[in-house]
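> Could you look at this predicted model? Sequence included:
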Amino acid sequence: MLFKPLPLGYAKLDPQTLEQDKKGCRKYGPCGVGEKALYLNSFYIDRRYYLPYASIRRAYKRIAMSKGGFTGKGMFATMPYLVVEYDDGREKQCNFKFEQNVDALLADLAQRQPQIKQLSAKAEQKRAEQAAAEAAKPKPVLTEEARQLAGQLENARIYLENQPGFAQRMSSAAKAKRMGDRTNPHYKWVALAVMLAGLVALIWGIFSFIKGEQTGMYLMLIGLAAIFFFSSAQVLPTAKNNKKALARQLEEVQAQAARLVEEYGSPFPVPARYAHPLVLARMKRVVEEGRAQTAAEALEEVKKDLKALNADVQVDQWEYDEVVAIKPMFLLADYE
C-alpha cells in the first residue's frame, strides 16, 4: 500500500489483514467500509486512518449549512460530515463533497454492523422523548378501510425496501438532477477561475520552496491551492456531473421504478415517479393519524406536508433526512 492506513483508536489490525481489508473495502467519497474496519480520511488523503468496528460507538451524519443553503441562491448548499465516536469518547469528523455518499456509507454500515448507533447521544435522547410523547397522544379510531390501507402501504414499503440499493439510487438521482437544474450556468466560469487561482498558488508555492523561501509561505500557498481545487471540483462539469448525464441517470432509475411497480402483482399505491419507501412510510403515518381514507388522499397530504417544509421551517435530523431524500422527486414532477 502506498499510504498504509494509521489506527485512530486503541485497537489495531495485523498488517496482512489490514492490507486485504482496505483493498476490498467499499469506497464512499473519501471514506470506506471494509469487513473488519471503517476507513476515514485526513484533510488531504482519502482513507488515511482506520477504526476496527469494536472501537466504534456511534457513526452518524452531521450537516452544516452555508448561507442560502436551502434557497438555492448559494454556490455551496449543505456541507455534510461523517462523525465517528470511538473508544473513550473521542471523535473524528470527516468532510464529504456529496451528502449521498454519507448516506450510502451509513446504509452499508447499518447492514454490516447494526450494533453501531447512527444517532448522536443528544439526537437519540430527543428521538426517545418524541416517541414517548407520540405514544401518549390519543390515537384516532380508524375505519376498517383505513386499517387495510395502512397494511397495503406497509407491504408496498417493504417490497421497495427489499430491492437492493433502489431507494438510495432513486433519491440520489433526483437530488443530483434537481441540483443540476438549479445550478447557475455562470458558476462553472467562477469555478474555473477558482481552479486557476489554485493552480497559480500551487506553482507559486513550489517555486518559493525551490528558491528556499520561508517554509510557512509555501505551505500556506499549497494549502490554499488544495482548498481552491477541492471547492471548484464540486461545480465544474465532469463526465458524470453534467446535465445530460444526470438526466440519463434519472431516466434509468425511473425506468427501474416503473418495472418494479408493474411487477408488484397488485395495484401500487403511488405512481412510479414517487415509488420510494419513505413516501409510503409517510403516507402510512398520514392514514394512521386519521387524515386520509384512500391512497390518493394520503399522497395529497404528503405533498402538502412537503410543500410546507421550506427554508424557514426548522426540523429534526431524522425529518431532514426524510425530506431531502424524497422532496426532489416531487419538485422534479412539480407535485403532479
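Sure thing, it's come through. Numbering: from 1, shown residues only.
> Would you mind confirming that R178 is in contact with A325?
No - in terms of CB atoms under 8 Å, R178 does not count as a neighbour of A325; the distance is 12.0 Å. For glycine as for every other residue, the C-beta is placed from the backbone atoms N, C-alpha and C.
> higher neighbour count, the two?
Each of R178 and A325 had its neighbours counted (other CB atoms under 10 Å), and the higher figure belongs to A325 (23 against 18).
> can you give me the helices in the chain?
Under the criterion DSSP state H, helices of the chain are mapped to 15-23, 99-112, 121-136, 144-161, 166-182, 187-211, 215-233, 243-262, 277-288, 295-308, 317-332.
> Mind putting these into CSV with mean pLDDT?
Written out in CSV, the entries for these read as follows (pLDDT from 0 to 100):
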stretch, mean pLDDT
helix 15-23, 94
helix 99-112, 90
helix 121-136, 86
helix 144-161, 94
helix 166-182, 83
helix 187-211, 65
helix 215-233, 55
helix 243-262, 90
helix 277-288, 94
helix 295-308, 93
helix 317-332, 86
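> so which of these gets nearest P5?
helix 15-23 (5.9 Å; CB to CB).
> for the closest one, packing partners?
strand 37-40 (3 or more CB pairs under 8 Å, 6 or more residues apart in numbering; DSSP states H and E).
> hmm, who's touching the strand it packs on?
5, 8, 13, 18, 21-22, 25, 30-33, 47-53, 56, 59, 82, 84, 92, 94, 109 (CB atoms under 8 Å, 6 or more residues apart in numbering).
> what does stretch 160-168 give?
For stretch 160-168, contacts defined as CB under 8 Å, 6+ apart pick out 100, 103-104, 107, 253, 256-257, 260, 275-278, 280, 325.
> Which of the residues you listed are buried? Put it as a PyMOL command.
Selecting only the buried members of the contacts of stretch 160-168 in PyMOL, with burial defined as 16 or more other CB atoms under 10 Å, works like this:
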select buried, resi 100+103+104+253+256+257+260+275+276+277+278+280+325
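> Just put the contacts of stretch 160-168 in TSV and tack on distance to A37.
TSV is the format used below for those (distance: CB to CB, whole Å):
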residue	distance to A37
Q100	23
D103	20
A104	18
A107	18
V253	31
Q256	33
A257	35
L260	34
A275	35
H276	32
P277	29
L278	30
L280	35
A325	28
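> just to revisit the earlier point, if you compare the helices of the chain, which one is most tucked away?
Mean neighbours per residue, mean count of other CB atoms under 10 Å, is largest over these for helix 277-288, with a mean of 22.
> roughly how far is that one from the heart of the chain?
For helix 277-288, the distance from its own C-alpha centre to the chain's C-alpha centre is 21 Å (CA atoms, centre = their mean, to the nearest Å).
> just checking, what packs against that helix?
Packing contacts for helix 277-288, counted by 3+ CB pairs under 8 Å, 6+ apart, involve helix 144-161, helix 295-308, helix 317-332.
> Let me know which of those is the nearest to M170.
helix 317-332 (7.1 Å).
> Could you list the residues in contact with that closest one?
When contacts are taken as CB under 8 Å, 6+ apart, the neighbours of helix 317-332 outside the stretch itself are 61, 63, 99, 103, 119, 123, 127, 167, 170-171, 174-175, 177-178, 181, 250, 273-274, 276, 278-279, 281-282, 303, 306, 309, 315.
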